[in-house]
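In: Give me the fold of what follows.
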Amino acid sequence: MELSDLQKIRRAKAEALQERGVSAYPSRATRTHTTAEALALFESEEAKDALADGHSPETITLTGRIVSYRHMGKTVFAHIRDGHGELQLYIRKDAVGEDAYADVLKLYDVGDFVQASGELFRTRMGEVSLRTNATVMLSKALNAPPEKWHGLQDIELRYRQRYADLIANASVRQVFETRSRIVSAIRHFLDSRGYLEVETPVLQPLYGGAAARPFTTHHNALDQTFYLRIADELYLKRLIVGGYERVYEIAKDFRNEGIDRNHSPEFTMLEFYQAYGDYEQMMEMVEQLVSSVIQEVFGGSTFTWQGHEIDVTPPWPRKTLREAIREESGIDYTEYPDADSLLAAARKAGADIESGTVWPRIVDELLKQFVRPFIVQPMFLIDYPVELSPLAKRKPDDPTHAERFQPYIGGGEIGNAFTELNDPMDQLARFLDQQEDREAGDEEAMPIDEDFINALMYGMPPTGGVGIGIDRLVMLLTDQATLRDVILFPAMRNLPSTPVDEPEIVSESTNG
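Out: Numbers count the residues shown, from 1 in each chain. The predicted model follows:
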(Lines give C-alpha, C1' and ligand atoms only; values in the text may rest on other atoms or scores of the structure.)
Protein backbone atom coordinates (compact mmCIF):
# COMPACT_ATOMS: atom_id res chain seq x y z
CA MET A 1 0.00 0.00 0.00
CA GLU A 2 1.08 3.59 -0.50
CA LEU A 3 2.41 5.39 2.57
CA SER A 4 1.09 8.78 3.58
CA ASP A 5 3.44 11.75 3.96
CA LEU A 6 3.49 11.33 7.74
CA GLN A 7 4.23 7.61 7.43
CA LYS A 8 7.09 8.38 5.04
CA ILE A 9 8.61 10.84 7.54
CA ARG A 10 8.47 8.28 10.32
CA ARG A 11 9.77 5.55 8.04
CA ALA A 12 12.76 7.78 7.23
CA LYS A 13 13.46 8.06 10.96
CA ALA A 14 13.46 4.28 11.27
CA GLU A 15 15.95 4.08 8.39
CA ALA A 16 18.11 6.75 10.06
CA LEU A 17 18.28 4.59 13.18
CA GLN A 18 19.31 1.64 11.04
CA GLU A 19 22.08 3.74 9.45
CA ARG A 20 23.41 4.42 12.96
CA GLY A 21 23.55 0.67 13.58
CA VAL A 22 20.47 0.77 15.82
CA SER A 23 17.56 -1.51 15.01
CA ALA A 24 14.20 0.22 14.92
CA TYR A 25 12.62 -3.18 15.65
CA PRO A 26 14.92 -5.21 17.93
CA SER A 27 14.02 -8.75 18.94
CA ARG A 28 14.59 -8.37 22.69
CA ALA A 29 13.56 -6.02 25.46
CA THR A 30 14.55 -5.75 29.12
CA ARG A 31 12.24 -4.61 31.90
CA THR A 32 12.89 -4.72 35.64
CA HIS A 33 9.63 -3.08 36.76
CA THR A 34 6.26 -2.09 35.39
CA THR A 35 5.35 1.58 35.78
CA ALA A 36 3.03 0.69 38.66
CA GLU A 37 5.74 -1.35 40.39
CA ALA A 38 8.24 1.47 39.93
CA LEU A 39 5.89 4.04 41.44
CA ALA A 40 5.09 1.74 44.38
CA LEU A 41 8.79 1.06 44.94
CA PHE A 42 9.73 4.74 44.98
CA GLU A 43 6.88 5.70 47.31
CA SER A 44 7.82 2.85 49.65
CA GLU A 45 11.47 3.88 49.74
CA GLU A 46 10.50 7.51 50.14
CA ALA A 47 8.27 6.65 53.10
CA LYS A 48 11.13 4.69 54.71
CA ASP A 49 13.55 7.58 54.06
CA ALA A 50 15.67 5.11 52.05
CA LEU A 51 16.36 7.35 49.05
CA ALA A 52 19.91 8.38 48.16
CA ASP A 53 19.96 12.13 47.51
CA GLY A 54 16.29 11.89 46.58
CA HIS A 55 16.87 9.07 44.11
CA SER A 56 16.06 5.37 44.22
CA PRO A 57 19.19 3.40 45.15
CA GLU A 58 18.79 0.92 42.29
CA THR A 59 18.65 1.27 38.54
CA ILE A 60 15.15 0.82 37.10
CA THR A 61 14.41 -0.27 33.54
CA LEU A 62 10.97 0.48 32.12
CA THR A 63 9.32 -0.25 28.77
CA GLY A 64 6.27 1.29 27.15
CA ARG A 65 4.75 3.49 24.48
CA ILE A 66 5.57 7.20 24.38
CA VAL A 67 2.26 8.98 24.95
CA SER A 68 3.51 12.52 25.46
CA TYR A 69 6.68 14.36 24.51
CA ARG A 70 8.03 17.85 25.03
CA HIS A 71 11.48 19.36 24.49
CA MET A 72 12.82 22.08 26.78
CA GLY A 73 16.39 23.15 26.03
CA LYS A 74 18.71 20.32 26.98
CA THR A 75 15.92 18.20 28.48
CA VAL A 76 13.20 15.99 27.03
CA PHE A 77 10.13 15.19 29.12
CA ALA A 78 8.16 12.18 27.94
CA HIS A 79 5.53 9.91 29.43
CA ILE A 80 5.53 6.24 28.64
CA ARG A 81 2.56 3.93 29.13
CA ASP A 82 2.63 0.19 29.69
CA GLY A 83 -0.21 -2.16 30.58
CA HIS A 84 -0.16 -0.97 34.19
CA GLY A 85 0.02 2.83 34.03
CA GLU A 86 2.18 5.77 33.02
CA LEU A 87 5.43 7.29 34.25
CA GLN A 88 7.44 10.33 33.18
CA LEU A 89 10.91 10.06 31.64
CA TYR A 90 13.32 12.89 32.39
CA ILE A 91 16.02 12.76 29.72
CA ARG A 92 18.94 15.21 29.96
CA LYS A 93 21.57 15.66 27.31
CA ASP A 94 24.43 15.43 29.78
CA ALA A 95 23.09 12.14 31.21
CA VAL A 96 22.62 10.15 28.00
CA GLY A 97 25.34 11.74 25.85
CA GLU A 98 25.12 14.13 22.93
CA ASP A 99 24.66 11.53 20.18
CA ALA A 100 22.06 9.50 22.04
CA TYR A 101 20.24 12.69 23.01
CA ALA A 102 20.20 13.80 19.37
CA ASP A 103 18.58 10.50 18.41
CA VAL A 104 15.90 10.94 21.07
CA LEU A 105 15.33 14.53 20.00
CA LYS A 106 15.14 13.89 16.28
CA LEU A 107 14.18 10.25 15.76
CA TYR A 108 11.73 9.44 18.58
CA ASP A 109 8.02 10.20 18.26
CA VAL A 110 4.83 9.89 20.24
CA GLY A 111 3.61 6.34 19.67
CA ASP A 112 7.05 4.68 19.66
CA PHE A 113 7.76 1.83 22.07
CA VAL A 114 10.96 2.46 24.02
CA GLN A 115 13.05 1.06 26.85
CA ALA A 116 14.47 3.46 29.41
CA SER A 117 16.86 2.92 32.33
CA GLY A 118 17.78 5.18 35.22
CA GLU A 119 16.95 6.17 38.77
CA LEU A 120 13.63 7.32 40.12
CA PHE A 121 13.25 10.75 41.70
CA ARG A 122 10.56 13.35 42.33
CA THR A 123 10.65 16.52 40.24
CA ARG A 124 10.16 20.02 41.61
CA MET A 125 6.58 19.74 40.38
CA GLY A 126 6.16 16.69 42.59
CA GLU A 127 5.93 14.06 39.84
CA VAL A 128 7.78 10.77 40.26
CA SER A 129 9.98 10.39 37.17
CA LEU A 130 12.80 8.30 35.78
CA ARG A 131 16.06 10.24 35.46
CA THR A 132 17.05 8.42 32.30
CA ASN A 133 20.62 7.54 31.46
CA ALA A 134 19.95 5.16 28.53
CA THR A 135 17.16 4.60 26.02
CA VAL A 136 16.52 1.86 23.46
CA MET A 137 14.07 2.01 20.57
CA LEU A 138 11.84 -1.09 20.74
CA SER A 139 9.39 -0.42 17.92
CA LYS A 140 9.20 2.62 15.67
CA ALA A 141 5.56 3.59 15.09
CA LEU A 142 4.84 4.66 11.52
CA ASN A 143 1.31 5.82 12.41
CA ALA A 144 0.86 8.67 14.85
CA PRO A 145 -1.52 7.81 17.70
CA PRO A 146 -4.97 9.44 17.92
CA GLU A 147 -5.13 12.97 19.26
CA LYS A 148 -4.32 12.94 22.97
CA TRP A 149 -7.01 15.11 24.49
CA HIS A 150 -10.08 14.11 22.52
CA GLY A 151 -9.28 10.49 21.77
CA LEU A 152 -10.54 8.69 18.71
CA GLN A 153 -14.02 10.09 18.03
CA ASP A 154 -15.01 8.54 14.70
CA ILE A 155 -17.28 5.64 15.75
CA GLU A 156 -16.86 3.75 12.49
CA LEU A 157 -13.07 4.06 12.66
CA ARG A 158 -13.04 3.01 16.33
CA TYR A 159 -14.66 -0.32 15.45
CA ARG A 160 -12.58 -0.89 12.32
CA GLN A 161 -9.30 0.03 13.99
CA ARG A 162 -9.89 -1.18 17.52
CA TYR A 163 -6.14 -1.08 18.15
CA ALA A 164 -6.20 2.70 17.65
CA ASP A 165 -9.31 2.94 19.82
CA LEU A 166 -7.56 1.11 22.65
CA ILE A 167 -4.50 3.34 22.34
CA ALA A 168 -6.60 6.49 22.50
CA ASN A 169 -9.38 5.69 24.95
CA ALA A 170 -8.61 4.46 28.44
CA SER A 171 -12.32 4.01 29.11
CA VAL A 172 -12.53 1.52 26.24
CA ARG A 173 -9.63 -0.48 27.65
CA GLN A 174 -11.44 -0.49 31.00
CA VAL A 175 -14.61 -1.92 29.43
CA PHE A 176 -12.75 -4.90 28.03
CA GLU A 177 -10.82 -5.44 31.23
CA THR A 178 -14.18 -5.50 33.05
CA ARG A 179 -15.52 -7.96 30.48
CA SER A 180 -12.64 -10.31 31.23
CA ARG A 181 -13.33 -10.06 34.96
CA ILE A 182 -17.03 -10.78 34.39
CA VAL A 183 -16.24 -13.95 32.43
CA SER A 184 -13.76 -15.06 35.09
CA ALA A 185 -16.37 -14.47 37.79
CA ILE A 186 -18.90 -16.57 35.86
CA ARG A 187 -16.42 -19.43 35.60
CA HIS A 188 -15.61 -19.15 39.30
CA PHE A 189 -19.31 -19.30 40.21
CA LEU A 190 -20.04 -22.38 38.11
CA ASP A 191 -16.79 -24.22 38.93
CA SER A 192 -17.46 -23.76 42.63
CA ARG A 193 -20.84 -25.44 42.21
CA GLY A 194 -19.55 -28.57 40.58
CA TYR A 195 -20.14 -27.69 36.93
CA LEU A 196 -17.74 -29.13 34.35
CA GLU A 197 -16.60 -26.80 31.56
CA VAL A 198 -16.73 -28.56 28.18
CA GLU A 199 -16.29 -27.81 24.49
CA THR A 200 -18.74 -28.77 21.74
CA PRO A 201 -18.46 -28.45 17.95
CA VAL A 202 -18.51 -25.07 16.25
CA LEU A 203 -18.87 -26.70 12.83
CA GLN A 204 -22.01 -28.82 12.92
CA PRO A 205 -23.60 -31.09 10.31
CA LEU A 206 -27.02 -29.85 11.49
CA TYR A 207 -27.66 -26.62 13.36
CA GLY A 208 -30.19 -26.32 16.15
CA GLY A 209 -30.89 -25.27 19.70
CA ALA A 210 -32.34 -21.86 18.81
CA ALA A 211 -34.54 -20.08 16.30
CA ALA A 212 -32.12 -18.49 13.84
CA ARG A 213 -30.68 -18.67 10.35
CA PRO A 214 -27.20 -20.25 10.18
CA PHE A 215 -24.03 -19.49 8.30
CA THR A 216 -23.37 -22.28 5.82
CA THR A 217 -20.06 -23.66 4.57
CA HIS A 218 -18.77 -26.68 2.68
CA HIS A 219 -16.36 -29.23 4.11
CA ASN A 220 -14.18 -30.26 1.19
CA ALA A 221 -12.69 -33.43 2.70
CA LEU A 222 -16.13 -34.78 3.68
CA ASP A 223 -17.87 -33.24 0.66
CA GLN A 224 -20.65 -32.16 2.98
CA THR A 225 -22.49 -29.02 4.02
CA PHE A 226 -21.68 -27.81 7.54
CA TYR A 227 -23.09 -24.97 9.63
CA LEU A 228 -21.57 -22.62 12.16
CA ARG A 229 -23.44 -23.35 15.37
CA ILE A 230 -26.29 -21.07 16.35
CA ALA A 231 -26.30 -22.58 19.86
CA ASP A 232 -24.57 -25.38 21.76
CA GLU A 233 -27.70 -26.52 23.58
CA LEU A 234 -28.36 -29.84 21.86
CA TYR A 235 -24.76 -31.01 22.27
CA LEU A 236 -24.70 -30.08 25.96
CA LYS A 237 -27.90 -32.03 26.54
CA ARG A 238 -26.33 -35.00 24.78
CA LEU A 239 -23.70 -34.83 27.55
CA ILE A 240 -26.42 -34.95 30.20
CA VAL A 241 -27.72 -38.07 28.44
CA GLY A 242 -24.17 -39.46 28.57
CA GLY A 243 -24.00 -39.18 32.35
CA TYR A 244 -22.54 -35.77 33.21
CA GLU A 245 -24.79 -34.05 35.72
CA ARG A 246 -23.61 -30.45 35.50
CA VAL A 247 -21.96 -28.99 32.40
CA TYR A 248 -21.37 -25.53 30.96
CA GLU A 249 -19.74 -23.92 27.96
CA ILE A 250 -18.79 -20.35 27.14
CA ALA A 251 -19.16 -20.56 23.40
CA LYS A 252 -18.91 -18.48 20.26
CA ASP A 253 -22.21 -18.73 18.38
CA PHE A 254 -23.06 -17.41 14.93
CA ARG A 255 -26.42 -16.33 13.50
CA ASN A 256 -26.95 -15.03 10.01
CA GLU A 257 -29.19 -12.17 11.02
CA GLY A 258 -29.36 -8.40 11.08
CA ILE A 259 -26.96 -6.23 13.03
CA ASP A 260 -28.23 -3.71 15.57
CA ARG A 261 -27.42 -2.52 19.07
CA ASN A 262 -28.56 -5.85 20.57
CA HIS A 263 -27.55 -8.27 17.80
CA SER A 264 -24.25 -9.36 16.29
CA PRO A 265 -23.68 -12.22 13.83
CA GLU A 266 -20.86 -13.50 16.07
CA PHE A 267 -21.49 -13.44 19.80
CA THR A 268 -20.58 -15.19 23.04
CA MET A 269 -23.03 -17.36 24.99
CA LEU A 270 -22.91 -19.06 28.35
CA GLU A 271 -25.02 -22.22 28.54
CA PHE A 272 -25.22 -24.47 31.58
CA TYR A 273 -27.30 -27.57 32.30
CA GLN A 274 -28.11 -29.33 35.53
CA ALA A 275 -29.49 -32.85 35.76
CA TYR A 276 -32.38 -33.26 38.19
CA GLY A 277 -33.06 -29.52 37.99
CA ASP A 278 -36.06 -27.55 36.72
CA TYR A 279 -36.79 -23.98 35.73
CA GLU A 280 -37.60 -22.98 39.30
CA GLN A 281 -34.13 -24.05 40.44
CA MET A 282 -32.52 -22.45 37.41
CA MET A 283 -34.19 -19.12 38.22
CA GLU A 284 -32.51 -19.25 41.61
CA MET A 285 -29.21 -20.11 39.93
CA VAL A 286 -29.49 -17.12 37.57
CA GLU A 287 -30.25 -14.75 40.46
CA GLN A 288 -27.29 -16.05 42.38
CA LEU A 289 -25.00 -16.03 39.35
CA VAL A 290 -25.72 -12.42 38.37
CA SER A 291 -25.57 -11.14 41.96
CA SER A 292 -22.35 -13.09 42.60
CA VAL A 293 -20.69 -11.72 39.45
CA ILE A 294 -21.64 -8.14 40.30
CA GLN A 295 -20.42 -8.58 43.86
CA GLU A 296 -17.07 -9.98 42.64
CA VAL A 297 -16.52 -7.41 39.90
CA PHE A 298 -18.08 -4.28 41.39
CA GLY A 299 -18.00 -5.02 45.10
CA GLY A 300 -21.74 -4.67 45.76
CA SER A 301 -25.24 -5.66 44.66
CA THR A 302 -25.96 -2.62 42.48
CA PHE A 303 -24.72 -1.09 39.25
CA THR A 304 -25.71 1.93 37.17
CA TRP A 305 -27.34 1.65 33.76
CA GLN A 306 -28.50 4.69 31.77
CA GLY A 307 -28.85 6.71 34.95
CA HIS A 308 -30.79 3.98 36.78
CA GLU A 309 -29.40 2.28 39.84
CA ILE A 310 -30.21 -1.39 39.38
CA ASP A 311 -30.29 -3.71 42.38
CA VAL A 312 -29.83 -7.41 41.60
CA THR A 313 -30.34 -8.68 45.15
CA PRO A 314 -32.37 -11.92 45.02
CA PRO A 315 -35.17 -12.82 44.85
CA TRP A 316 -36.31 -11.23 41.60
CA PRO A 317 -40.03 -10.79 40.86
CA ARG A 318 -41.73 -13.21 38.46
CA LYS A 319 -44.55 -12.61 36.03
CA THR A 320 -46.08 -14.85 33.39
CA LEU A 321 -45.60 -13.80 29.79
CA ARG A 322 -49.35 -13.89 29.24
CA GLU A 323 -49.93 -11.53 32.17
CA ALA A 324 -47.18 -9.12 31.10
CA ILE A 325 -48.43 -8.85 27.51
CA ARG A 326 -52.05 -8.48 28.63
CA GLU A 327 -51.15 -5.70 31.08
CA GLU A 328 -49.13 -3.67 28.56
CA SER A 329 -51.05 -4.27 25.32
CA GLY A 330 -54.54 -5.31 26.43
CA ILE A 331 -54.18 -8.53 24.42
CA ASP A 332 -54.70 -11.98 25.88
CA TYR A 333 -53.07 -14.08 23.21
CA THR A 334 -54.87 -17.24 24.37
CA GLU A 335 -58.09 -15.68 23.01
CA TYR A 336 -56.63 -15.61 19.49
CA PRO A 337 -55.67 -19.19 18.54
CA ASP A 338 -54.75 -18.47 14.91
CA ALA A 339 -52.24 -16.12 13.32
CA ASP A 340 -54.76 -13.97 11.42
CA SER A 341 -56.88 -13.08 14.44
CA LEU A 342 -53.86 -12.44 16.67
CA LEU A 343 -52.21 -10.30 13.99
CA ALA A 344 -55.38 -8.19 13.66
CA ALA A 345 -55.56 -7.69 17.44
CA ALA A 346 -51.86 -6.84 17.64
CA ARG A 347 -52.10 -4.23 14.90
CA LYS A 348 -55.19 -2.72 16.52
CA ALA A 349 -53.15 -2.33 19.71
CA GLY A 350 -50.45 -0.51 17.75
CA ALA A 351 -47.93 -3.27 17.03
CA ASP A 352 -45.87 -3.10 13.83
CA ILE A 353 -45.86 -6.68 12.53
CA GLU A 354 -45.49 -7.91 8.95
CA SER A 355 -48.27 -9.80 7.20
CA GLY A 356 -47.71 -13.54 7.02
CA THR A 357 -45.99 -13.70 10.43
CA VAL A 358 -46.68 -17.04 12.14
CA TRP A 359 -48.54 -17.16 15.48
CA PRO A 360 -45.57 -17.72 17.81
CA ARG A 361 -43.63 -14.89 16.16
CA ILE A 362 -46.58 -12.53 16.72
CA VAL A 363 -46.52 -13.38 20.43
CA ASP A 364 -42.79 -12.69 20.43
CA GLU A 365 -43.33 -9.32 18.74
CA LEU A 366 -45.93 -8.38 21.36
CA LEU A 367 -43.30 -9.12 23.99
CA LYS A 368 -40.64 -7.10 22.17
CA GLN A 369 -42.80 -4.09 21.41
CA PHE A 370 -44.99 -3.73 24.50
CA VAL A 371 -43.13 -5.34 27.40
CA ARG A 372 -39.37 -5.75 27.03
CA PRO A 373 -38.27 -2.10 26.68
CA PHE A 374 -39.95 -1.12 29.95
CA ILE A 375 -38.44 -3.67 32.32
CA VAL A 376 -35.56 -1.90 34.09
CA GLN A 377 -35.14 -3.70 37.40
CA PRO A 378 -34.45 -7.47 37.33
CA MET A 379 -37.49 -9.62 36.57
CA PHE A 380 -38.25 -13.12 35.30
CA LEU A 381 -40.92 -13.51 32.62
CA ILE A 382 -42.12 -17.10 32.86
CA ASP A 383 -44.40 -19.67 31.19
CA TYR A 384 -44.22 -19.20 27.43
CA PRO A 385 -46.51 -20.75 24.80
CA VAL A 386 -45.30 -24.19 23.69
CA GLU A 387 -45.26 -22.98 20.09
CA LEU A 388 -42.63 -20.42 21.07
CA SER A 389 -40.62 -22.92 23.10
CA PRO A 390 -39.85 -26.05 21.06
CA LEU A 391 -37.20 -27.38 23.47
CA ALA A 392 -38.96 -26.71 26.78
CA LYS A 393 -41.08 -29.09 28.87
CA ARG A 394 -44.81 -28.47 29.10
CA LYS A 395 -46.33 -27.22 32.35
CA PRO A 396 -48.09 -30.15 34.05
CA ASP A 397 -51.15 -28.01 34.84
CA ASP A 398 -51.26 -26.20 31.48
CA PRO A 399 -49.90 -28.19 28.53
CA THR A 400 -50.36 -25.19 26.20
CA HIS A 401 -47.49 -23.44 27.97
CA ALA A 402 -43.92 -24.48 28.68
CA GLU A 403 -41.76 -24.17 31.78
CA ARG A 404 -39.60 -21.44 30.31
CA PHE A 405 -38.30 -18.15 31.66
CA GLN A 406 -36.24 -15.22 30.50
CA PRO A 407 -34.35 -12.88 32.84
CA TYR A 408 -34.87 -9.19 32.00
CA ILE A 409 -32.78 -6.26 33.17
CA GLY A 410 -32.35 -2.78 31.75
CA GLY A 411 -34.89 -3.02 28.97
CA GLY A 412 -33.71 -6.31 27.49
CA GLU A 413 -33.47 -10.01 28.04
CA ILE A 414 -30.09 -11.37 29.03
CA GLY A 415 -30.93 -15.05 28.66
CA ASN A 416 -33.30 -17.90 28.07
CA ALA A 417 -33.99 -20.99 30.15
CA PHE A 418 -36.34 -23.94 30.59
CA THR A 419 -37.13 -27.16 32.23
CA GLU A 420 -35.68 -29.19 29.37
CA LEU A 421 -37.93 -31.39 27.28
CA ASN A 422 -36.80 -35.00 27.76
CA ASP A 423 -39.70 -36.90 26.15
CA PRO A 424 -38.29 -38.00 22.76
CA MET A 425 -41.70 -38.38 21.12
CA ASP A 426 -42.88 -34.97 22.29
CA GLN A 427 -39.60 -33.50 21.08
CA LEU A 428 -40.06 -35.11 17.66
CA ALA A 429 -43.58 -33.70 17.45
CA ARG A 430 -42.24 -30.23 18.28
CA PHE A 431 -39.62 -30.55 15.56
CA LEU A 432 -42.36 -31.50 13.11
CA ASP A 433 -44.37 -28.44 14.16
CA GLN A 434 -41.25 -26.34 13.54
CA GLN A 435 -41.00 -27.90 10.10
CA GLU A 436 -44.53 -26.73 9.35
CA ASP A 437 -43.55 -23.20 10.45
CA ARG A 438 -40.56 -23.36 8.11
CA GLU A 439 -42.84 -24.32 5.25
CA ALA A 440 -45.12 -21.42 6.22
CA GLY A 441 -42.23 -19.00 5.79
CA ASP A 442 -40.48 -18.91 9.17
CA GLU A 443 -36.82 -19.14 8.09
CA GLU A 444 -35.65 -19.28 11.72
CA ALA A 445 -37.64 -22.38 12.70
CA MET A 446 -35.46 -25.33 13.77
CA PRO A 447 -34.80 -28.33 11.51
CA ILE A 448 -35.45 -31.89 12.67
CA ASP A 449 -32.42 -33.33 14.49
CA GLU A 450 -32.91 -37.10 14.37
CA ASP A 451 -29.66 -37.82 16.21
CA PHE A 452 -30.78 -35.65 19.13
CA ILE A 453 -34.07 -37.58 19.21
CA ASN A 454 -32.03 -40.78 19.26
CA ALA A 455 -30.00 -39.43 22.19
CA LEU A 456 -33.17 -38.65 24.14
CA MET A 457 -34.33 -42.21 23.50
CA TYR A 458 -31.45 -43.39 25.71
CA GLY A 459 -33.06 -41.34 28.49
CA MET A 460 -32.28 -37.89 29.82
CA PRO A 461 -33.09 -37.14 33.47
CA PRO A 462 -35.22 -34.12 34.38
CA THR A 463 -32.92 -31.23 33.56
CA GLY A 464 -32.80 -27.47 33.91
CA GLY A 465 -30.91 -25.43 31.34
CA VAL A 466 -29.91 -21.78 30.99
CA GLY A 467 -28.41 -19.65 28.24
CA ILE A 468 -27.06 -16.16 29.01
CA GLY A 469 -25.71 -13.74 26.43
CA ILE A 470 -22.26 -12.70 27.66
CA ASP A 471 -22.12 -9.68 25.34
CA ARG A 472 -25.52 -8.41 26.48
CA LEU A 473 -24.64 -8.92 30.13
CA VAL A 474 -21.36 -7.04 29.71
CA MET A 475 -23.08 -4.27 27.73
CA LEU A 476 -25.54 -3.88 30.59
CA LEU A 477 -23.02 -3.98 33.43
CA THR A 478 -20.60 -1.56 31.75
CA ASP A 479 -23.42 0.79 30.64
CA GLN A 480 -22.59 0.65 26.95
CA ALA A 481 -24.97 1.62 24.16
CA THR A 482 -24.38 -1.24 21.73
CA LEU A 483 -22.91 -4.73 21.51
CA ARG A 484 -20.16 -3.34 19.29
CA ASP A 485 -18.84 -1.47 22.32
CA VAL A 486 -18.20 -4.75 24.18
CA ILE A 487 -16.95 -6.87 21.25
CA LEU A 488 -13.31 -6.20 20.49
CA PHE A 489 -13.53 -6.77 16.75
CA PRO A 490 -17.18 -6.53 15.63
CA ALA A 491 -18.27 -7.58 12.15
CA MET A 492 -18.12 -4.66 9.71
CA ARG A 493 -19.01 -4.19 6.07
CA ASN A 494 -15.95 -4.11 3.78
CA LEU A 495 -14.96 -0.69 2.53
CA PRO A 496 -13.89 0.02 -1.07
CA SER A 497 -10.15 -0.33 -1.59
CA THR A 498 -8.73 3.03 -0.53
CA PRO A 499 -5.61 4.29 1.24
CA VAL A 500 -5.57 3.31 4.91
CA ASP A 501 -7.61 5.71 7.07
CA GLU A 502 -5.65 7.58 9.68
CA PRO A 503 -7.24 8.86 12.88
CA GLU A 504 -6.85 12.49 13.85
CA ILE A 505 -3.29 12.70 15.12
CA VAL A 506 -1.43 14.52 17.82
CA SER A 507 0.57 17.47 16.54
CA GLU A 508 4.10 16.33 15.89
CA SER A 509 6.46 17.94 18.38
CA THR A 510 9.73 19.66 17.54
CA ASN A 511 11.33 16.26 17.07
CA GLY A 512 9.17 15.69 13.95
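In: unless I'm mixing things up, N143 is touching G111, no?
Out: Yes. Using Cβ atoms under 8 Å, N143 is in contact with G111, at 6.8 Å. (C-beta placed from N, C-alpha, C; glycine too.)
In: Among the two, which residue is more densely surrounded?
Out: The residue with more neighbours, out of N143 and G111, is G111; 21 against 18, by other Cβ atoms under 10 Å.
In: give me every residue that touches that one.
Out: R65, I66, A141, N143, A144, P145, I167 (Cβ atoms under 8 Å, 6 or more residues apart in numbering).
In: The first one - how many residues pack around it?
Out: Read it as R65. The tally of other residues near R65 (other Cβ under 10 Å) stands at 19.
In: So which bits of the least confident helix or strand in the chain by mean pLDDT are buried?
Out: Lowest on mean pLDDT, DSSP states H and E among the helices and strands of the chain sits helix 155-160, with a mean of 86. By neighbour count on 16 or more other Cβ atoms under 10 Å, the buried set for helix 155-160 is L157, R158, Y159, R160.
In: now the contacts of G111 in CSV, with pLDDT, secondary structure and distance to A185?
Out: Formatted as CSV, the contacts of G111 follow (pLDDT from 0 to 100; DSSP: H, G, I helix; E, B strand; the rest coil; distance: Cβ to Cβ, whole Å):
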residue, pLDDT, secondary structure, distance to A185
R65, 97, strand, 30
I66, 96, strand, 35
A141, 96, coil, 35
N143, 93, coil, 36
A144, 89, coil, 38
P145, 86, coil, 32
I167, 90, helix, 27
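In: For the stretch 1-150 of the chain, which segments are assigned as strands?
Out: Taking DSSP state E, counting those that start in this stretch as the criterion, the stretch 1-150 of the chain contains strands spanning 60-72, 75-82, 85-92, 113-122, 128-139.
In: Now do the longest one and strand 128-139, the angle between them.
Out: When axes from the mean of the first three to the mean of the last three Cα atoms, to 10 degrees is applied, the directions of strand 60-72 and strand 128-139 differ by 90 degrees.
In: Relative to the whole chain's centre, how far out is strand 60-72?
Out: Relative to the chain's own centre, strand 60-72 is displaced by 31 Å; criterion: Cα atoms, centre = their mean, to the nearest Å.
In: before we move on, what about the fourth one?
Out: Centroid displacement of strand 113-122 relative to its chain, using Cα atoms, centre = their mean, is 35 Å.
In: got it, and the second one?
Out: Between the mean C-alpha point of strand 75-82 and the mean C-alpha point of its chain there is a distance of 32 Å (Cα atoms, centre = their mean).
In: Equivalent analysis for stretch 478-495, please.
Out: Going by Cα atoms, centre = their mean, where stretch 478-495 is centred and where its chain is centred differ by 9 Å.
In: Take that stretch and give me the span from its first residue to its final residue.
Out: 30 Å (Cα to Cα, to the nearest Å).
In: where does the stretch 101-250 of the chain dip in pLDDT?
Out: 147-153 (pLDDT under 70).
In: Does the residue nearest to K395 when sequence neighbours are not counted belong to a helix, a strand or coil?
Out: Leaving aside its sequence neighbours, K395 sits nearest to H401 (Cβ to Cβ, 6 or more residues apart in numbering; 5.1 Å). With DSSP: H, G, I helix; E, B strand; the rest coil as the basis, H401 sits in strand.
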